[in-house]
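[1] sequence? don't have it. structure:
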């Protein structure tokens with residue numbers, strides 16, 4: 001008696017912080033089994049072994065490969081599985097079938113059968129993941145600096161006139177230097193002037209520390225990007241921060257982007273049809289990576305000020321009757337093509 005060949009299976013995973021629910025369906029969409037595993041090294045290994053013992057794995061679909069599912073995706077790729085990113089179930093499906101981890105996992109597996117909205121995930125295991133980690137730290141330092149600076153100016157606005165009159169019209173650099181030089185009398189903190197001087201000095205020191213951290217990380221970002229993306233860094237108006245946003249959007253496996261148009265759509269600068277009846281027009285795709293879109297916008301603004309070819313193009317298009325937003329959209333698409 002011949003042994004039947006192992007069945008081909010598709011795997012879906014509903015991811016959470018502490019557990020992942022894994023479901024398996026046949027190539028015809030029939031439910032086979034589902035189980036829950038912890039998000040630990042042992043749990044990832046058990047997930048891989050269970051999947052392997054269930055049949056020939058055609059593909060694994062994981063929700064949230066950029067968040068809760070990132071480590072499982074890494075582990076399964078190392079075991080040779082074809083891993084895909086699947087979107088969360090739509091609301092219409094949830095209204096019809098209900099909501100549970102098992103239902104979501106089976107829905108993820110069935111998405112693989114028709115391939116609807118299934119995409120290739122970022123690998124997140126190379127140098128670009130290092131860039132992402134450093135950029136998170138730098139953004140946090142910049143945000144902390146901004147918060148402290150706003151608090152400093154707000155405190156000056158309500159401080160005694162002796163301080164307010166001295167500080168309120170100072171430029172930023174001089175203001176921080178002046179506040180850093182305050183020497184309040186710690187024995188007279190019941191005096192609002194002395195207490196305010198201490199508070200202003202504390203905020204100024206926080207601004208300086210955050211600025212130093214942001215500058216230090218920016219230097220490290222620049223060094224990494226010069227190694228892994230020298231051509232991107234060579235594009236006019238792309239500095240370490242904007243270049244980092246773009247390469248993070250691309251990821252460690254740029255081959256997942258099959259064309260320049262795919263990258264433009266990822267950055268939210270791809271035109272899509274928006275026609276109806278007798279009206280024929282296009283609008284920009286509003287999805288994608290908003291940080292990459294912001295990076296393109298920042299670079300275009302810099303080019304409009306310092307890049308002769310960009311200035312000439314903008315002047316020509318404006319003469320043709322194009323509005324400033326239309327010109328910016330075109331420039332962002334051109335820059336995406338160059339990147």
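    Ah, there it is. This one's a predicted model, so the numbers in the text were calculated from it and none came from an experiment.
[2] what pLDDT does residue 4 get?
    We have a pLDDT of 64 for residue 4.
[3] scratch that, residue 52
    Looking at residue 52, its pLDDT reads 92.
[4] mind listing what's buried in whichever strand or helix holds it?
    Using DSSP states H and E, residue 52 maps to helix 41-54. For helix 41-54, a neighbour-count test (16 or more other C-beta atoms under 10 Å) marks 43, 44, 47, 48, 51, 54 as buried. To be clear about C-beta, it is placed using only N, CA and C from the backbone, and glycine gets the same treatment.
[5] avg pLDDT for the helix or strand hosting residue 139?
    Here residue 139 is covered by helix 127-157, with elements defined by DSSP H and E. The average pLDDT for helix 127-157 rounds to 95.
[6] buried stuff in it?
    128-129, 131-132, 134-135, 138-139, 141-142, 144-145, 148-149, 151-152, 155-156.
[7] kindly report the same for stretch 54-64.
    Residues 54, 55, 57, 59, 60, 61, 62, 63, 64 are the ones in stretch 54-64 that count as buried (16+ other C-beta under 10 Å).
[8] looking at it, the last one is touching residue 17, isn't it?
    What it means is residue 64. No: taking contacts as C-beta atoms under 8 Å, residue 64 lies outside contact range of residue 17: 10.3 Å.
[9] quick one: contacts of stretch 255-265?
    Identification of contacts with stretch 255-265 by C-beta atoms under 8 Å, 6 or more residues apart in numbering yields 119-122, 250, 266, 270, 285, 287-288, 333, 336-337, 339.
[10] run the chain-centre distance for whichever helix or strand residue 213 is part of.
    Per DSSP H and E, residue 213 falls inside helix 192-228. Centroid separation between helix 192-228 and its chain, computed with C-alpha atoms, centre = their mean, to the nearest Å, is 23 Å.
[11] how about the strands in the stretch 1-150 of the chain?
    Under the criterion DSSP state E, counting those that start in this stretch, the stretch 1-150 of the chain carries strands at the ranges 8-15, 19-26, 31-38, 56-62, 83-85.
[12] contact partners of the helix or strand of the chain with the lowest mean pLDDT?
    Every helix and strand in the chain was compared by mean pLDDT, DSSP states H and E; the lowest is helix 91-97, with a mean of 72. Around helix 91-97, the neighbours that count as contacts under C-beta under 8 Å, 6+ apart are 103, 107.
[13] which residue is the nearest non-sequential neighbour of residue 205?
    Nearest non-adjacent residue to residue 205, counting by C-beta to C-beta, 6 or more residues apart in numbering: residue 180, 6.4 Å away.
[14] noted, bye for now.
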